[in-house]
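>>> give me the fold of what follows.
(chains A and B)
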Number of protein chains: 2
Amino acid sequence: MKKIFLFTSLIVSQSALFAQNNNFKKDSIAIAKMQGYVLENSVCYEDLRYLCKKIGNRISGSEAAAKAVEWGKQALESAGADKVYLQPVMVPHWVRGKEIFSVKTEQGQNLALHPLGLGNAIGTNGLGIDAQIIEVKDAIELEQLGVENINGKIVYFSHAWNQKLANPFDEYGNSVYYRWAGPSLAAKYGAVACIIKSAGAAYDNFAHTGSMRYDTLYKKIPAMALSYVEATELEKMIRAKEIVSATVNSTSHFEEEVLSYNVVGELYGSDLKDEIITVGGHLDSWDVGEGAHDDGAGCVQSIEVIRMMKKMGIKPRRTVRCVLFMNEENGLRGGTEYARLARLEKEKHTCAIETDAGGFSPRGFTMSVSKEQREKVKTWRNLFMPLGVYNFDEEGGGADIGPLRKNLNTPLMELSPDPQRYFDLHHTENDVFEQVSRRELSMGALAMAAMVYMISEYGL
Amino acid sequence: MKKIFLFTSLIVSQSALFAQNNNFKKDSIAIAKMQGYVLENSVCYEDLRYLCKKIGNRISGSEAAAKAVEWGKQALESAGADKVYLQPVMVPHWVRGKEIFSVKTEQGQNLALHPLGLGNAIGTNGLGIDAQIIEVKDAIELEQLGVENINGKIVYFSHAWNQKLANPFDEYGNSVYYRWAGPSLAAKYGAVACIIKSAGAAYDNFAHTGSMRYDTLYKKIPAMALSYVEATELEKMIRAKEIVSATVNSTSHFEEEVLSYNVVGELYGSDLKDEIITVGGHLDSWDVGEGAHDDGAGCVQSIEVIRMMKKMGIKPRRTVRCVLFMNEENGLRGGTEYARLARLEKEKHTCAIETDAGGFSPRGFTMSVSKEQREKVKTWRNLFMPLGVYNFDEEGGGADIGPLRKNLNTPLMELSPDPQRYFDLHHTENDVFEQVSRRELSMGALAMAAMVYMISEYGL
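Modelled structure (predicted):
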């Protein structure tokens, strides 16, 4: 049996090889055309410059987010989309106020640090909370310390980013836990405020914001992040017992929800127009820096997919739908609404591809697909290798397209760029246009376009 | 025959698989130890900061180059090398002077541009050369124009960097031709000076210097590069016939040759101490910027290989010799001398590995090795894949270790980092420490160390 099986599988793989070779030339040419266009003309880089420099950061509900919607619509129109429209969605509107975190030393000095409030965190209405501060390494130590040691104090979580992992994305899941859940963990034991060491990889002065969520069981307490450098200084002082008390004060707050939009642009398919390939990034950003890598890069790359195909006269078989999602950062309203409508309209979604891991040099695609679908994609590897795109083995997808898998079991992919620099910049004042390389950004757009083209031609 | 052959090869590959699996655990552990060390402690990044900020750029023969030699020696000692020594070598000492390139317009204006003289180019002793300027696209057009159109003029080569290639290293060979040979090509037809568009990929204001060489058959003429932006402006003006004449003036010149050194540090092998694995980068740089990616990064990565092994208690079987080569940029005296001595001393060189393509995220190793040696390296792929190092298929090596292959037929490798940003920075004022990512640099050092470790254990 084994021998026969081996024989059969050889035949299968040989015929698969022939099938691949027949189309290889055609597909190579299509991808090479797009490559020449995007690397030489780099429109997506100029798009990103505009988004970063003329509009700037754009948290959901802000005026800048509304401007970004207008910009996205125009950019998709000028890219040559057959149809551009807006998908209305109500979004939360969190507004950062004045944020203070200071410590009083034994010598009576007041040292003001430079905190960055966590997104969605409540403020103090401008009234200072004065309390003792206690360092807690992690959730286990918090439980050990218990109410008797935590109650009435400000908890400082000193959990450090694990630098040892080769891929920083593998660490993010660990470190982000204290940002996301830390405040309520601390509140459970009676803490009055929560300070965290930033969930980021750089040894620098930039604090990282990002979403947190309150557990409804416990009291909401203010929550702020410190940069690696300041957190390290704070730790030293706490351990040396130099701090008498600390003060937290913030006027950050939620305002009324705001009507906003996903921006959608479609390039109609030819013979399989009803089958949709979604390609997208998110239009909103945090309210610091310029949202360049997170996720201006993903937006301009997704728009560029449409533009490349249009300019090169590559007519996709399936409809390519570029979606600039709203409110990925602090609510996921855009992605949720997009999937709700897709189910309501009984749309046929062949695949959804997100780009939200930075505009760095592409290395592969993470996927939430069946084993057979993954194997099919891997037969295309020789088309992607010349682009430096080789890794199709990891699990993944993207936040905005996640609901599509839940609602319609749509196969998901996410562009996987080089991971080393992302968490140096992510959610900081330092995530600016200057951190993006024109060629790296363009190569990422090309990898997306090549994948969209292949799925459009051959399905999954 | 075919069937029997197939059967045999299956057995061979199965036993190879077993052999690999037996050592896989041990090798993984060794590499993981080094990974933890380099990613968490990042000494090489601080080394680079010192080299860039305290010593700065360091062209051969300069005071800074002498300081860099001292620094390299100390760095290797503190890294824990068993033996550190200097290899004397005489180097050329080219000194950039004041460089002027200006154009006189029809309206009588004198516009001063910002040229950067090509390395090794002669000056004009401070006397201006005034002449008409003529644009020449490439060598073919130069020949077509001939002496009658070129004689007595300043030639401007407008050959543009081909952005369309996925890997900019593939284009460098084309564009660098006009930098290297352009001046003598133009002199052959009677040109009095040569201006080139920089051999670089960025659309920015940084001019790229780099070596040029005079053909002894023709008159030596001064040669300078313009940034992409200024070259593009110049082109427009030439094509619009707005320029009456141009002036080239330079006090750049050679001074007396200087005694300098390769810096060498060895970590002795255990049972195969006589067999040498060279790992190195070059200590000299161009005289602009800080020589951060080119090749400060390679130096600190090579030193880090020794440090990682020493600190982790990994005793190599073969001797690991870190070499910081002198004068790669404008003479290759260090590499040449190193190979001369290696042959003279009848040393046994198992392999030489260079890192001189920037401190970016590693992707693979290029090689000048036999087919069997390449196949052997490829059996180690599963150890490298978790580091994002996957590509062992390209031809290559490195300038400094090239003579070693010529003299001793030593197998060569070069670390192949992500190629997208290198030619934006290479040989410019912009090649500074801030352009280097700590994690990318460290991952490169780790890839080098892992390769050195594997070759030390198993040979090639």
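>>> near chain B, which residues of chain A? Just list them.
A:35-36, A:39-40, A:42, A:163-168, A:201-203, A:361, A:363, A:386-388, A:390-391, A:418-421, A:424, A:437-440, A:443, A:446 (Cβ under 8 Å from any Cβ of the partner chain). Any C-beta I mention is one placed from the backbone N, CA and C, and that applies to glycine too.
>>> and chain A, what are its domains?
Domain ranges of chain A: A:27-93+A:256-458, A:97-251, per automatic domain parsing.
>>> which one of the ones you listed is the most hemmed in?
Highest mean neighbour count of these: domain A:27-93+A:256-458, a mean of 22 (counted as mean count of other Cβ atoms under 10 Å in any protein chain shown).
>>> ok now it, how far from the chain's centre?
The chain centroid and the centroid of domain A:27-93+A:256-458 are separated by 11 Å under Cα atoms, centre = their mean, to the nearest Å.
>>> so for it, what's the average pLDDT?
Across domain A:27-93+A:256-458, the average pLDDT comes to 97.
>>> what about that domain, start to end distance?
Domain A:27-93+A:256-458 stretches 11 Å from its first residue to its last (Cα to Cα, to the nearest Å).
>>> just the helices in the stretch 1-150 of chain A please.
Under the criterion DSSP state H, counting those that start in this stretch, the stretch 1-150 of chain A contains helices at A:2-41, A:43-50, A:63-79, A:139-150.
>>> list the contacts for the one residue in the stretch 251-400 of chain A that gets nearest to chain B?
Proximity of the stretch 251-400 of chain A to chain B (Cβ to the nearest Cβ) peaks at residue A:361, 4.7 Å away. Contacts for residue A:361 (Cβ atoms under 8 Å, 6 or more residues apart in numbering or on different chains) come out as A:388, A:417-418, A:437, A:440, A:443-444, B:361, B:418, B:420.
>>> which residues of the stretch 101-250 of chain A fall in strands?
A:110-112, A:116-117, A:129-131, A:133-136, A:154-157, A:193-197, A:223-226, A:243-250 (DSSP state E, counting those that start in this stretch).
>>> what does the second one rub up against?
The reference is to strand A:116-117. Strand A:116-117 is contacted from outside by A:96, A:99, A:123, A:198, A:207-209, A:222-226, A:250, A:252, A:288, A:428, using Cβ under 8 Å, 6+ apart.
>>> go on, the last one?
Contacts of strand A:243-250 with the rest of the structure, by Cβ under 8 Å, 6+ apart, involve A:97-106, A:117, A:121-124, A:126-133, A:154, A:192-193, A:195, A:222, A:224, A:237.
>>> repeat that with 6 Å
Residues outside strand A:243-250 that contact it (Cβ atoms under 6 Å, 6 or more residues apart in numbering or on different chains): A:97, A:99-104, A:106, A:117, A:123-124, A:128-130, A:132-133, A:154, A:193, A:222, A:237.
>>> now the fifth one
Contacts to strand A:154-157, defined as Cβ under 6 Å, 6+ apart, come from residues A:131, A:133, A:135-136, A:178, A:182, A:186, A:191, A:193-196, A:246.
>>> coming back round to it: possible to save the strands of the stretch 101-250 of chain A as a markdown table with mean pLDDT?
Formatted as a markdown table, those follow (pLDDT from 0 to 100):
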| stretch | mean pLDDT |
| --- | --- |
| strand A:110-112 | 97 |
| strand A:116-117 | 98 |
| strand A:129-131 | 98 |
| strand A:133-136 | 98 |
| strand A:154-157 | 98 |
| strand A:193-197 | 98 |
| strand A:223-226 | 98 |
| strand A:243-250 | 98 |
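>>> closest one to residue B:347 among those strands?
Smallest distance to residue B:347 across the strands of the stretch 101-250 of chain A (Cβ to Cβ): 50.2 Å, for strand A:193-197.
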